[in-house]
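# Can you look at this prediction? I've put the sequence above it.
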Amino acid sequence: MEKHNIPEIAIAGLGIEASTFSPARTDAAAFHPHRGDEVFDLYPFMSPGSPLREAAHWHPALVGKALPGGIVTREGFEELTAEMVQRLEAMPHLDGLWFDIHGAMTVEGLDDAESVLLSRIRDCVGPDTLISTSMDLHGNVSQRFAHMIDLITCYRMAPHEDAMDTKERAARNLVERLESGKGRPIKAWIPVPVLLPGEKTSTRIEPAKSLYAQVPLVEQQEGILDAGIWIGYAWADEPRNHAAIVVTGDDERTVCEQAERLASSFWSVHDSFQFVAPTGTLEECVDKGLSSQVSPYFISDSGDNPTAGGAGDVTWTLQRLLNDPRIIDGDKTTLYASIPGPQAVETALHAGVGATVTVTAGAEVDSIHEGPVTFTGTVHSIHEGDVDALVEVVIKVGNLYVIVTELRKPYHHESDFTALGLSPREAGMVFVKIGYLEPELFEMARDWIMALTPGGVDQDLLRLGHHRISHPMYPFDQGDFTPDLHARIIPPSNEGDTVHGDE
């Protein structure tokens, strides 16, 4: 390709965190696929007339993003993959492809699903097309995957306040690489035998804060294009589930040195990661919330966090709150977000605001830890038209306000509550199915604790039952061991034999 030619670049990708420890399943519709020009709506930096939009001829194929959840059905994966490839086949010759994914998708009957998808894309677009990948730092980078990509980058913040910056960086790096005419960069990949939940690796606190602060400094080195630290996804059980370092650039010595420096820095603090907030049993957390002199006091119902892959309908915590007279009859207002219950929502809709109803909700998907919960209360409010929940109702049981949804929904914003006639800033306690608090909730909370509750994304990894991950692996193997942290130079995707596994 001539340097001054405008590159032809496709856009494609599927993204989800899928917990293998949740009984839920994710189908094709859950990805809300965008097709053709509607893909641009996902990326503000790709608006008409923007510099990046004008820098290439962009050919959006299909991009789908699902709420974290259970394993993707094979049928759903095949349906979306086939359509994506079909759309790519209809495109002109491509100089590049931007592959926008999460990196923690598990599919029924497949290992390393993103590599399977990428292999099919590579077969379609050919060996000469440069592929640039943007990922969540909680995704997984197997050696096979690293072999097939050319440029790769991931988030550098958790919570992911830099998500859109990362996607823009991946697209910009691809355009600049194509314009330079330099071809494929050198890639150094290092597996790090650590598998930890995001709630222990938040960049808000040490050691992740200082560890991730090194990434942009590496990127600024002469001969380096990009660098990334992947924590990996802790709630799936595949050989690829572990942390990883990838550095790309044109100077092999520098690429290797910097990758090994990041890997060494990571391993030097591997046993120093702590939860981002105080933790306790549910009983301990409720005691602290009730005795707290500040409000709102947020409590994370962490084991069923839908934005980490939990089913979102575990009733274990809610059942205990409903049975606690200090919550129901006490003088503190308590909000609980949330529990799916389509039939409960229908009952509340039919009865209307102000009516007294008896409803049953939850445990339609994940009944491993507790069955459905039945309770009687007053319909406080009804809200229809939410993009995730569809319909939400609030049922008041004494001083406990329970949000019941038609479909599961994460509650990350103040408006999620105020749209339901609730005032979280004035509440005594706010229970949210989440791990670390997202930025708006974090700002709102006067104090905060994580309840180590059961569910498909249990923070206690050792009681989940991983049996397919590689060993030794921290924290599953506590004995002293010295990992091999030398840089593996991954050949370009159009050279050498295909690399399989995580050798």
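Thanks, I have the structure now.

# Below-threshold pLDDT in the stretch 401-503 of the chain: ranges please.
Applying pLDDT under 70 to the stretch 401-503 of the chain flags residues 492-503.

# residue ranges of the strands in it, please?
429-432, 447-451, 488-490 (DSSP state E, counting those that start in this stretch).

# Can you report how many residues lie near residue 325?
A count of nearby residues for residue 325, using other Cβ atoms under 10 Å, gives 8. (Each C-beta comes from the backbone N, C-alpha and C, glycine too.)

# Would you format the strands of the stretch 401-503 of the chain as JSON lines with mean neighbour count and distance to residue 58 included?
As requested, the strands of the stretch 401-503 of the chain are exported to JSON lines (neighbours: other Cβ atoms under 10 Å; distance: least, Cβ to Cβ, whole Å):
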{"stretch": "strand 429-432", "mean neighbour count": "28", "distance to residue 58": "38"}
{"stretch": "strand 447-451", "mean neighbour count": "21", "distance to residue 58": "42"}
{"stretch": "strand 488-490", "mean neighbour count": "18", "distance to residue 58": "27"}
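
# Show the contacting residues for residue 453.
Residue 453 makes contact with 282, 301-304, 314, 316-317, according to Cβ atoms under 8 Å, 6 or more residues apart in numbering.

# same thing but 6 Å
Applying Cβ atoms under 6 Å, 6 or more residues apart in numbering, we find residue 453 in contact with 282, 301-303, 317.

# what's the distance between it and residue 361?
17 Å (Cβ to Cβ, to the nearest Å).

# Residue 167 now?
36 Å.

# more crowded one of those two?
Set side by side, residue 167 and residue 361 show more neighbours around residue 361, with 26 against 22, by other Cβ under 10 Å.

# for the stretch 101-250 of the chain, which spans come out with low pLDDT?
Judged by pLDDT under 70, no stretch of the stretch 101-250 of the chain qualifies at all.

# Please, where are all the helices along it?
If DSSP state H, counting those that start in this stretch is used as the criterion, the helices of the stretch 101-250 of the chain fall at 113-125, 143-148, 163-180, 208-219.

# Need the winner for burial among those.
Of all these, helix 143-148 carries the top mean neighbour count, a mean of 23, counting by mean count of other Cβ atoms under 10 Å.

# what packs against it?
Contact partners of helix 143-148 among helices and strands, from 3 or more Cβ pairs under 6 Å, 6 or more residues apart in numbering; DSSP states H and E: helix 113-125.

# Now do the helix it packs on: distance to the chain's middle.
21 Å (Cα atoms, centre = their mean, to the nearest Å).

# So what touches that helix?
For helix 113-125, using Cβ under 6 Å, 6+ apart, the contacting residues are 81, 85, 88-89, 94, 97, 101, 103, 105, 107, 110, 144-145, 148.

# For it, output the C-alpha coordinates as PDB.
Output in PDB follows, covering the C-alpha atoms of helix 113-125 (Å, rounded to 0.1, in the frame of the first residue of the first chain):
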ATOM      1  CA  ALA A 113     -13.400 -18.300  21.800                       C
ATOM      2  CA  GLU A 114     -11.900 -15.000  20.700                       C
ATOM      3  CA  SER A 115      -9.100 -17.000  19.000                       C
ATOM      4  CA  VAL A 116     -11.700 -19.100  17.200                       C
ATOM      5  CA  LEU A 117     -13.500 -16.000  16.000                       C
ATOM      6  CA  LEU A 118     -10.300 -14.300  15.000                       C
ATOM      7  CA  SER A 119      -9.100 -17.300  13.100                       C
ATOM      8  CA  ARG A 120     -12.300 -17.300  11.100                       C
ATOM      9  CA  ILE A 121     -11.900 -13.600  10.400                       C
ATOM     10  CA  ARG A 122      -8.200 -14.100   9.400                       C
ATOM     11  CA  ASP A 123      -9.300 -16.800   7.000                       C
ATOM     12  CA  CYS A 124     -11.700 -14.400   5.500                       C
ATOM     13  CA  VAL A 125      -9.600 -11.200   5.200                       C
END
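
# buried sites along stretch 434-449?
Residues of stretch 434-449 classed as buried: 434-438, 441, 444-445, 447-449 (neighbour count, 16 or more other Cβ atoms under 10 Å).

# Residue 50: neighbouring residues, count only.
14.

# how far away is it from residue 197?
Going from residue 50 to residue 197 by Cβ to Cβ gives 36 Å.

# and what of residue 278?
Taken as Cβ to Cβ, the span from residue 278 to residue 197 is 16 Å.

# Comparing these two, which residue is more hemmed in?
Ranked by neighbour count (other Cβ under 10 Å), residue 278 and residue 197 place residue 197 first, with 25 against 12.

# residues touching that one, list them.
234, 459.

# again, only this time at 8 Å
By Cβ under 8 Å, 6+ apart, the neighbours of residue 197 are 234-235, 308, 435, 457, 459, 461.

# And for residue 13?
By Cβ under 8 Å, 6+ apart, the contact list for residue 13 reads 63-64, 98-101.

# nearest to residue 255, of those residues?
Nearest to residue 255 out of these is residue 99 (Cβ to Cβ; 20.9 Å).

# Tell me the secondary structure at that closest one.
Under the three-state scheme (DSSP: H, G, I helix; E, B strand; the rest coil), residue 99 adopts strand.

# Return the set of residues that bridge with the nearest residue in space to it that is not next to it in sequence.
The shortest distance from residue 99 to any non-neighbouring residue, by Cβ to Cβ, 6 or more residues apart in numbering, is to residue 133 (4.5 Å). Beta bridges link residue 133 to residue 99, residue 152 when assigned by DSSP bridges.

# Let me know how buried residue 133 is, in neighbour terms.
Neighbours around residue 133, by other Cβ under 10 Å: 28.

# wait, it sits on residue 97?
No: taking contacts as Cβ atoms under 8 Å, residue 133 lies outside contact range of residue 97: 9.3 Å.

# if we can go back for a sec, can I get the buried residues of stretch 434-449 in TSV with distance to residue 223?
What follows is these, written out as TSV (distance: Cβ to Cβ, whole Å):
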residue	distance to residue 223
434	41
435	37
436	35
437	39
438	37
441	41
444	44
445	44
447	47
448	43
449	46
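
# Out of those, which sit inside helices?
441, 444 (DSSP state H).

# which one among the buried residues of stretch 434-449 gets closest to residue 208?
Using Cβ to Cβ, the buried residues of stretch 434-449 come closest to residue 208 at residue 436, 11.1 Å.

# How about the closest one, nearest residue that isn't a chain neighbour?
residue 276 (4.7 Å).

# now the one you found: how far from residue 455?
18 Å.

# Look at these two and report which has more neighbours.
Neighbours were counted for residue 276 and for residue 455 using other Cβ under 10 Å; residue 455 has more, 31 against 25.

# Test my guess that residue 107 contacts residue 70.
No: Residue 107 lies out of contact with residue 70 (Cβ under 8 Å); the separation is 11.0 Å.

# what is in contact with the two at once?
residue 18.

# Let me know the helix or strand that the residue lying closest to residue 403 once chain neighbours are set aside is in.
Nearest residue to residue 403, sequence neighbours excluded (Cβ to Cβ, 6+ apart): residue 338, at 3.9 Å. Secondary structure assignment for residue 338, by DSSP states H and E: strand 334-340.

# Quick one: list the elements packing against that strand.
The contact analysis (3 or more Cβ pairs under 8 Å, 6 or more residues apart in numbering; DSSP states H and E) places strand 334-340 against helix 316-322, strand 400-405, helix 414-418, strand 429-432.

# Please identify the deepest-packed of those.
strand 429-432 (a mean of 28).

# contacts for it?
Residues from elsewhere that reach strand 429-432, judged by Cβ under 8 Å, 6+ apart: 286, 289-290, 295-301, 317, 321, 332-337, 411, 424, 441, 445.
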